[in-house]
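[1] I would like the atomic coordinates for the input below:
(chains A and B)
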2 protein chains.
Amino acid sequence: MSAPDSSPLFGNVALIGIGLIGSSMAHAMRRANLAGHIAGYARRPETRAVAEKIGFADSLHGDLAECVKNADLVVLATPVGSFAEIASELGPHLKRGAIITDVGSVKMAVVRDVGPFVPEGVHFIPGHPIAGTEQSGPDSGFAELFDGRWCILTPPPGTDVDAVAKLKTYWEKLGSNVEVMEPKHHDLVLAIVSHLPHLIAYNIVGTAADLETVTQSEVIKFSASGFRDFTRIAASDPTMWRDIFLNNRDAVLEMLGRFNEDLAALQRAIRWGDGDALFNLFTRTRAIRRSIVEAGQDTAAPNFGRSGKEKN
Amino acid sequence: MSAPDSSPLFGNVALIGIGLIGSSMAHAMRRANLAGHIAGYARRPETRAVAEKIGFADSLHGDLAECVKNADLVVLATPVGSFAEIASELGPHLKRGAIITDVGSVKMAVVRDVGPFVPEGVHFIPGHPIAGTEQSGPDSGFAELFDGRWCILTPPPGTDVDAVAKLKTYWEKLGSNVEVMEPKHHDLVLAIVSHLPHLIAYNIVGTAADLETVTQSEVIKFSASGFRDFTRIAASDPTMWRDIFLNNRDAVLEMLGRFNEDLAALQRAIRWGDGDALFNLFTRTRAIRRSIVEAGQDTAAPNFGRSGKEKN
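    Numbering: from 1, shown residues only, chains lettered A, B, ... in the order given. Model (predicted):
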């Protein structure tokens, strides 16, 4: 089923969106020789100009139909709120036998928004690489982004097994491990490991910015005491994150409800001076960090390896 | 007022507590030749044994009186909940003209707990270096910990100005910038930049650990999507953090109240699909991150510089 080593896995790949994830995929495809031709789509001419200068795509397009017309693999890599409109426009131009996937951070909404526009004979396999940084745009991508990270695929029931296997191989060659999951379960898992942490980070940075009793310059000067870690996450792309919260509402509200209950209990422990309750929680959470480092999902170096280096 | 370049700033320095902060101070004192003799106190023989092996102190003590008896500078560097008992025990043994300071993360409680035990003729100047990592113990210290960071001093009204100037010089030679502040204001600033972020991080890691619908192995595998940053902070020393929350209750509850109000508004925006409210907040928070990076308080590298490196 897989191509000989000398020829790429896909003939033509169309990247719809060439920001952090799209451009990183292009770099990683080149590194592993996965595409004969990489076509990149961006709505704005300025974005295409930056991409052209960097040179990670073989052709750049402002027209969706033109970008996808010969593609064997189409990857939606724009904010998820744009998927319905994009899918309705490019759907009729998809080649029979092609695979269409995406990299969106929610999956139920993608099934809902893209599914209806996928023609007979085209394989629709939603996906989500668990990788990223707080930066965005075509100049923020790099080939190593997916190395050692997980990519979740959520093929609808009855999807062609060869197509799923081929997309799995593709992600593995981009450097990732692959897991297959129901879209509903994906959205629940991501609500706790990603969406709620981002919401909390955005919220606390907003709270700090609004204080009258503590100045912004104090918040900035003394941020090394914990706050700065939250600001990294709260610097993520606003459009992408607005769309995530609008499209994973139920799971986010469910996790937020649990978070609020636990926080109320913690608030009460502080008010009543219950040191044992605090100590027990603070001890329990240490073990999770250890597991994440052992699983290779974070560095063991103190302060993420920043300590003693960030001066320079 | 300052000693000639060849002789150290202080003759004898006593470090009461030789964990992350105490041992880092010892390393940084040696780097800058700030102490003629470094005496370290630890209650547990095992801690003294580790410190002896590393060799950052000239003498190690299990007895407080013995550790401080000739000290020109005494630094309390144990969890703040232990200060009252320690101060009552070592107070009578302090040398006239000595400076006693601390590195605790709260300052009102330190004034309350240590102040009454400081004898006439001894200079009491509470302090707080805004530096640390999630690691603890005598083997976690390093000389560069305070470089480029801020140290806050909160001298009580009427404190000897020469003593304050000398302690300021000491911290500058350890690598820090120094700011003088009222203890009450310190506790408010730290509540938002440090204590609340830690509380939130501990809380969300606890919430994730308790879920029935998402397994712990899923939380760990997919943590690179945001959650792992919180686990670093939630791996901080439990005793130290229990004592901080018990001793900065009012300021933490005040900041938590504001955080909860803001979070309720955000929750409502998600429930009602108010994309503009979300987008506006997410845009505003980006600017704060930029200021922190510009102020040299964090790295500009994506993912704190972990990206593409954490595999190895």
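[2] Show me how chain A divides into domains.
    A:10-181, A:185-273 (automatic domain parsing).
[3] Kindly reformat those domains as TSV and extend each row with distance to chain B.
    Heads up, the C-betas are built off the backbone N, CA and C, glycines and all. What follows is the domains of chain A, written out as TSV (distance: least, Cβ to the nearest Cβ, whole Å):
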stretch	distance to chain B
domain A:10-181	3
domain A:185-273	4
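[4] Same list (the ones you listed) but as a markdown table, adding distance to B:I270 and mean pLDDT.
    Listed next are the domains of chain A as a markdown table, based on distance: least, Cβ to Cβ, whole Å; pLDDT from 0 to 100:
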| stretch | distance to B:I270 | mean pLDDT |
| --- | --- | --- |
| domain A:10-181 | 13 | 97 |
| domain A:185-273 | 5 | 95 |
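[5] Put together JSON lines for these, with mean neighbour count and distance to B:M108 on each row.
    Shown next, in JSON lines, are these (neighbours: other Cβ atoms under 10 Å in any protein chain shown; distance: least, Cβ to Cβ, whole Å):
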{"stretch": "domain A:10-181", "mean neighbour count": "20", "distance to B:M108": "35"}
{"stretch": "domain A:185-273", "mean neighbour count": "21", "distance to B:M108": "15"}
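[6] any chance you could map the helices in the stretch 51-200 of chain A?
    Secondary structure of the stretch 51-200 of chain A (DSSP state H, counting those that start in this stretch): helices at A:64-68, A:83-90, A:108-114, A:161-173, A:183-190, A:196-209.
[7] now the closest residue to A:W241 other than its chain neighbours: how far from A:G121?
    Nearest residue to A:W241 in three dimensions, chain neighbours excluded: B:F282, at 5.3 Å (Cβ to Cβ, 6 or more residues apart in numbering or on different chains). B:F282 is 39 Å from A:G121, where distance means Cβ to Cβ, to the nearest Å.
[8] again, but for A:L9
    20 Å.
[9] Mind putting the domains of chain A into CSV with distance to B:G137?
    Formatted as CSV, the domains of chain A follow (distance: least, Cβ to Cβ, whole Å):
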stretch, distance to B:G137
domain A:10-181, 29
domain A:185-273, 20
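[10] nearest to A:I292, of those domains?
    Closest approach to A:I292 among these is made by domain A:185-273 (10.4 Å; Cβ to Cβ).
[11] any idea how far that closest one is from the chain center?
    Centroid separation between domain A:185-273 and its chain, computed with Cα atoms, centre = their mean, to the nearest Å, is 18 Å.
[12] Endpoint to endpoint, that domain covers what distance?
    38 Å (Cα to Cα, to the nearest Å).
[13] And for stretch A:72-89?
    Termini of stretch A:72-89 sit 17 Å apart (Cα to Cα).
[14] Now do the contacts for the closest residue to A:D262 other than its chain neighbours.
    Leaving aside its sequence neighbours, A:D262 sits nearest to B:T207 (Cβ to Cβ, 6+ apart; 4.9 Å). Neighbour list for B:T207: A:I192, A:M255, A:R258, A:F259, A:D262 [criterion: Cβ atoms under 8 Å, 6 or more residues apart in numbering or on different chains].
[15] Where does the fourth one fall, secondary structure wise?
    This means A:F259. Assigned by DSSP states H and E, A:F259 belongs to helix A:249-271.
[16] correct me, but A:A163 touches A:I99?
    Yes. Judged on Cβ atoms under 8 Å, A:A163 makes contact with A:I99 at a distance of 5.4 Å.
[17] my guess is A:K95 contacts A:L73, does it?
    No. Using Cβ under 8 Å, A:K95 makes no contact with A:L73, being 10.1 Å away.
[18] Could you tell me which residues make contact with the residue nearest to A:W241?
    Per Cβ under 8 Å, 6+ apart, neighbours of B:F282: A:Y202, A:A234, A:S236, A:P238, A:W241, A:R242.
[19] Narrow those to those in strands?
    Among the contacts of B:F282, no member is found in strands (DSSP state E).
[20] Not counting sequence-adjacent ones, nearest residue to A:M108?
    A:M108 sits nearest to A:P183 (Cβ to Cβ, 6+ apart), 4.9 Å away.
[21] I'd like to know how far the one you found sits from A:H128.
    Separation of A:P183 from A:H128 (Cβ to Cβ) stands at 10 Å.
[22] Next, show the common contact partners of those two.
    A:K107, A:T154.
[23] And the pLDDT for A:A300?
    pLDDT, A:A300: 89.
[24] hang on, it packs against A:V293?
    Yes. With contact defined as Cβ under 8 Å, A:A300 reaches A:V293; the gap is 4.7 Å.
[25] Can you list phi and psi of the nearest residue to A:G296 once chain neighbours are set aside for me?
    Using Cβ to Cβ, 6+ apart and skipping the chain neighbours, the partner closest in space to A:G296 is A:G148 (5.9 Å). A:G148 adopts backbone torsions of phi 80, psi 0, taken as degrees, to the nearest 10.
[26] Same question for A:P155.
    Dihedral pair for A:P155: phi -60, psi 130, per degrees, to the nearest 10.
[27] Would you check that it makes contact with A:V110?
    No. Using Cβ under 8 Å, A:P155 is not in contact with A:V110, being 11.9 Å away.
[28] hey, what's in contact with both of these two?
    A:P126.
[29] Straight-line length of stretch A:55-65, end to end?
    22 Å.
[30] chain center to that stretch, what's the gap?
    So, by Cα atoms, centre = their mean, the centroid of stretch A:55-65 is 22 Å from its chain's centroid.
[31] again with stretch A:95-113
    Per Cα atoms, centre = their mean, the centroid offset for stretch A:95-113 relative to its chain is 14 Å.
[32] export that stretch as PDB, just CAs?
    The C-alpha trace of stretch A:95-113 is given here as PDB (Å, rounded to 0.1, in the frame of the first residue of the first chain):
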ATOM      1  CA  LYS A  95     -10.800  14.700  -6.600                       C
ATOM      2  CA  ARG A  96     -12.400  11.300  -6.400                       C
ATOM      3  CA  GLY A  97     -10.300   9.100  -4.000                       C
ATOM      4  CA  ALA A  98      -8.700  12.100  -2.300                       C
ATOM      5  CA  ILE A  99      -8.500  12.300   1.500                       C
ATOM      6  CA  ILE A 100      -9.700  15.400   3.200                       C
ATOM      7  CA  THR A 101      -8.700  16.000   6.900                       C
ATOM      8  CA  ASP A 102      -8.200  18.900   9.200                       C
ATOM      9  CA  VAL A 103      -6.100  20.000  12.200                       C
ATOM     10  CA  GLY A 104      -8.900  21.700  14.300                       C
ATOM     11  CA  SER A 105      -8.900  21.500  18.100                       C
ATOM     12  CA  VAL A 106     -12.600  20.400  18.200                       C
ATOM     13  CA  LYS A 107     -14.000  17.400  16.300                       C
ATOM     14  CA  MET A 108     -17.800  17.200  16.700                       C
ATOM     15  CA  ALA A 109     -18.200  20.600  15.100                       C
ATOM     16  CA  VAL A 110     -15.900  19.600  12.200                       C
ATOM     17  CA  VAL A 111     -18.000  16.500  11.500                       C
ATOM     18  CA  ARG A 112     -21.100  18.800  11.600                       C
ATOM     19  CA  ASP A 113     -19.600  21.600   9.500                       C
END
